[in-house]
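*Asks:* my questions are about this predicted structure, shown below with the sequence.
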Amino acid sequence: MKTVLITGANRGIGLEFVKQYLQEGARVLATCRDPQKAKALTALKEMGDLQVAALDVTQPEQVDAAAERWRDQKIDLLLNNAGVYGPRNSFGANDIEADMAAWETVFRVNTMAPLRVALAFQNQVAAAKGTMAFITSKMGSIADNTSGGSIIYRTSKSALNMTVKSLSIDLAPRGISCVLFHPGWVLTDMGGPNALIDVTTSVGGMRAKIDQLTTKDRGKYFNYDGREIPW
Ligand SMILES: NC(=O)c1ccc[n+]([C@@H]2O[C@H](COP(=O)([O-])OP(=O)(O)OC[C@H]3O[C@@H](n4cnc5c(N)ncnc54)[C@H](OP(=O)(O)O)[C@@H]3O)[C@@H](O)[C@H]2O)c1
């Protein structure tokens, strides 16, 4: 049985990953900041083999506790999904010190925490010769940036991209494949009401690509539909 670990699994894209992998018959290890409040997530236990654990990805002791809880579990797929956008109008509209503080917070969640989670679970993923997929954004692409702005979110994802590129090389000897996915502009709390695709389409596309990955794809940056994105 395939085992999938997902961060930020209580809503949005993470919750849809849980649904679709349960439908597929996988064992799902779903993590979120507050399982007591995650009613939509815990309701999915009826669908199959779902285990839920508390995990604020910025809290080292919680990352270590989750890795310890599932120490003997082989993990075929680790989905580093949890993320935040930060202030929408930064550097100009607000107090600069508030924006600087928000920048640090966003980096902790979007850039530093995925690396910490990946390192904490590397033995479980190596045991399965598995994949670590990181949910980034096309907004982190330097080549794609023609509109400017969104410096906080953009840089957090650009830095995640470089982190994962290095990690893909560092962890290859252990048989682990690391890849990056832009999920599309998706109708979630973060994506807002004007987004272009629903979670079903986004997650369905990423799952299809994940199923086709080979070792040649290590370190690549994919759109949800499987096309590569320029860095
Ligand atoms: N939606 C889009 O259009 C879009 C586009 C490009 C990339 N993305 C990326 O896709 C991923 C998922 O986004 P989404 O659209 O599903 O966003 P969302 O609906 O806002 O959900 C974000 C998820 O991340 C969790 N999270 C935030 N901070 C966390 C922390 N410190 N520890 C653990 N979990 C935390 C949230 O948990 P709480 O409920 O506890 O806050 C929630 O489960 C993110 O990495 C995002 O950057 C989204």
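*Replies:* In hand now; what should we look at? Numbering: from 1, shown residues only.
*Asks:* which positions in this structure make contact with the ligand?
*Replies:* Within the chain, the residues that sit near the ligand (CB under 6 Å from any ligand atom) are 7-8, 10-14, 32-33, 56-58, 81-84, 109, 135, 137, 182-183, 185-186, 188-191, 195. C-betas here are computed from N, CA, C, even on glycine.
*Asks:* now do the SS call for A30.
*Replies:* strand (DSSP: H, G, I helix; E, B strand; the rest coil).
*Asks:* ditto for A133
*Replies:* Here A133 is recorded as strand under three-state DSSP.
*Asks:* out of the residues of the chain next to the ligand, which sit inside strands?
*Replies:* Among the residues of the chain next to the ligand, the residues falling in strands (DSSP state E) are 32, 135, 182.
*Asks:* just name the closest of these to the ligand, please.
*Replies:* Using CB to the nearest ligand atom, I135 comes nearest to the ligand of these, at 4.2 Å.
*Asks:* quick check: pLDDT value at the residue nearest to the closest one when sequence neighbours are not counted.
*Replies:* Computed as CB to CB, 6 or more residues apart in numbering, the closest residue to I135 that is not its neighbour in sequence is N81, at 4.6 Å. Looking at N81, its pLDDT stands at 98.
*Asks:* surely N81 meets L5?
*Replies:* No - here N81 does not reach L5: they are 10.0 Å apart, not a contact under CB atoms under 8 Å.
*Asks:* neighbour count for these two, which is higher?
*Replies:* Between N81 and L5, L5 has the larger neighbour count (other CB atoms under 10 Å), namely 29 against 25.
*Asks:* regarding the more buried one, what is its secondary structure?
*Replies:* Following three-state DSSP, the label given to L5 is strand.
*Asks:* show me what contacts the nearest residue to G140 once chain neighbours are set aside?
*Replies:* Once flanking residues are discounted, G140 sits nearest to K157: 2.8 Å by CB to CB, 6+ apart. By CB atoms under 8 Å, 6 or more residues apart in numbering, the residues touching K157 are 110-111, 136-137, 139-140.
*Asks:* if you set the cut-off to 6 Å instead, what comes out?
*Replies:* 136-137, 139-140 (CB atoms under 6 Å, 6 or more residues apart in numbering).
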